[in-house]
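Q: Here is a sequence together with a model predicted from it:
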Amino acid sequence: MYSAIAANKRNTVFIILFFVLLIGGLATFAGYATGYGSSAIGIIAFVAIYALIQYYCAGAFSVAASGAVQIQKSDNPRLWNVVENIAITEGMPMPKVYIIQDEAPNAFASGRDPQHAIVAATTGLLAIMDDQELEGVMAHEMSHVKNYDIRVSTIVFGLVSAIGILADFFIRMSFFSRGSDRDKNNAGAFLILFGIVAWIIAALIGPIVSAAVSRQREYLADASGAEITRFPDGLASALEKLKAYGRPMRRASRSMAHMYISDPVKPSVAERLFSTHPPLDKRIARLKELGGKF
């Protein structure tokens, strides 16, 4: 378990380093190809600032996008007690607890670290889960917090989003570089090329990398959650219900899909290549296999 956590953290560092070097290389190329070498510094600064905003405001953005409402113990003692018991058992800070008014059963965790984490569950999830299943789901979400998955997914998402914004920006800027001057036309062509490359990275490579990281972390959170409760069958049963009763959320956001325990958007066949979640059947099978080890 702990070796898997360490390996995933190392892989994540390599992925983030890859994105940083890639962005730096593209920025340097775009700056010198267009004759504005200093613009590379501005591009890198923009990406860094954007990623930092994502990092520090991840929880607030998630709450706003999902429509979650923060609760206290008196608002829903059942959910609160489950989260509180897990936090005490694992020696973790008590996260902020939210409820989403949505009949689609789902839950997510967000934030930058255990000291600034939030966990949320939909009313649909609370309605169909028994106590052991709810404990399994929240242990899964708290595992994301404990393993710092929330930090990793936030950083990766921020970097991919920043590249997408840069792609759009440079393609638009290319139109202002056109004119009778040859140098301007060359600069415009380079801006278009830079924008297309950045768009390909954001639209194809970024989601594949993000999905690969998220899928492995879903498996790890399932195993960690089972270790917390010492009852893998509880989470396995919860995933069975998510498979049977799952539906798209009303305020589903593709950009937040990786945060949920189950994909909040029903993807098409083509989109499954980039799905941030492994198939529920595989997750259930792994949990049932773990069941005999406790």
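A: Received it, and whenever you're ready, just let me know what you need. Residues are numbered from 1 along each chain as shown.

Q: What score does the nearest residue to residue 137 once chain neighbours are set aside have for pLDDT?
A: Distances taken as CB to CB, 6 or more residues apart in numbering place residue 238 nearest to residue 137, at 5.0 Å, with adjacent residues excluded. The way it works is simple: take the backbone N, C-alpha and C, and place the C-beta from them, glycine included. Note for residue 238: predicted pLDDT of 96.

Q: Quick one: neighbours of residue 238, just the number.
A: Residue 238 sits with 30 neighbouring residues when counted by other CB atoms under 10 Å.

Q: Next, it: phi, psi?
A: For residue 238, the backbone dihedrals are phi -60, psi -40 (criterion: degrees, to the nearest 10).

Q: now do residue 95
A: Dihedral angles of residue 95 (phi, psi; degrees, to the nearest 10) stand at phi -80, psi 170.

Q: and what of residue 74?
A: The main-chain torsion angles of residue 74 are listed as degrees, to the nearest 10 and equal phi -70, psi -20.

Q: Can you tell me how far it is from residue 68?
A: From residue 74 over to residue 68 the distance is 18 Å, taken as CB to CB, to the nearest Å.

Q: Likewise for residue 285?
A: In terms of CB to CB, residue 285 sits 31 Å off from residue 68.

Q: Give me the more crowded residue out of these two.
A: The residue with the greater number of neighbours, taking residue 285 and residue 68 and applying other CB under 10 Å, is residue 68; the counts read 25 against 12.

Q: contacting residues around the more buried one?
A: Listed by CB atoms under 8 Å, 6 or more residues apart in numbering, the contact set of residue 68 reads 62, 98-100, 118, 120.

Q: okay, it: pLDDT?
A: Predicted confidence (pLDDT) for residue 68: 94.

Q: Skipping its backbone neighbours, what lies nearest it in space?
A: The spatially closest residue to residue 68, leaving aside those adjacent along the chain, is residue 98, at 3.7 Å (CB to CB, 6+ apart).

Q: which secondary structure element contains the one you found?
A: Residue 98 is located in strand 96-100, with elements delineated by DSSP states H and E.

Q: packing partners for that strand?
A: Packed against strand 96-100, as judged by 3 or more CB pairs under 8 Å, 6 or more residues apart in numbering; DSSP states H and E, are the following elements: helix 39-66, strand 69-70, helix 77-90, strand 117-122, helix 123-128.

Q: now the angle from the fourth one to helix 77-90?
A: Relative orientation of strand 117-122 with respect to helix 77-90: 150 degrees, computed using axes from the mean of the first three to the mean of the last three CA atoms, to 10 degrees.

Q: can you dump the C-alpha coordinates of strand 117-122 into CSV?
A: Extracted C-alpha coordinates of strand 117-122, given in CSV (Å, rounded to 0.1, in the frame of the first residue of the first chain):
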residue,chain,number,x,y,z
ALA,A,117,-9.8,19.9,2.4
ILE,A,118,-13.5,19.5,1.7
VAL,A,119,-15.7,16.4,1.2
ALA,A,120,-19.1,16.5,-0.4
ALA,A,121,-21.9,14.0,-1.0
THR,A,122,-25.1,14.3,-3.0
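
Q: which helices and strands does it pack with?
A: helix 39-66, strand 96-100, strand 107-111, helix 131-146.

Q: and the ones you listed as a markdown table, adding mean neighbour count and distance to residue 245?
A: Listed next are these as a markdown table, based on neighbours: other CB atoms under 10 Å; distance: least, CB to CB, whole Å:
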| stretch | mean neighbour count | distance to residue 245 |
| --- | --- | --- |
| helix 39-66 | 17 | 19 |
| strand 96-100 | 21 | 16 |
| strand 107-111 | 25 | 13 |
| helix 131-146 | 24 | 12 |
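
Q: so can I have JSON lines of the ones you listed showing distance to residue 153?
A: As requested, the helices and strands packed on strand 117-122 are exported to JSON lines (distance: least, CB to CB, whole Å):
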{"stretch": "helix 39-66", "distance to residue 153": "9"}
{"stretch": "strand 96-100", "distance to residue 153": "17"}
{"stretch": "strand 107-111", "distance to residue 153": "9"}
{"stretch": "helix 131-146", "distance to residue 153": "8"}
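
Q: With respect to residue 199, which of those lies nearest?
A: Among the helices and strands packed on strand 117-122, helix 39-66 comes nearest to residue 199, with 14.9 Å by CB to CB.

Q: The closest one relative to strand 96-100, how many degrees between them?
A: Between helix 39-66 and strand 96-100, the angle comes out at 70 degrees (the same axes, to 10 degrees).

Q: Nothing else from me, thank you.
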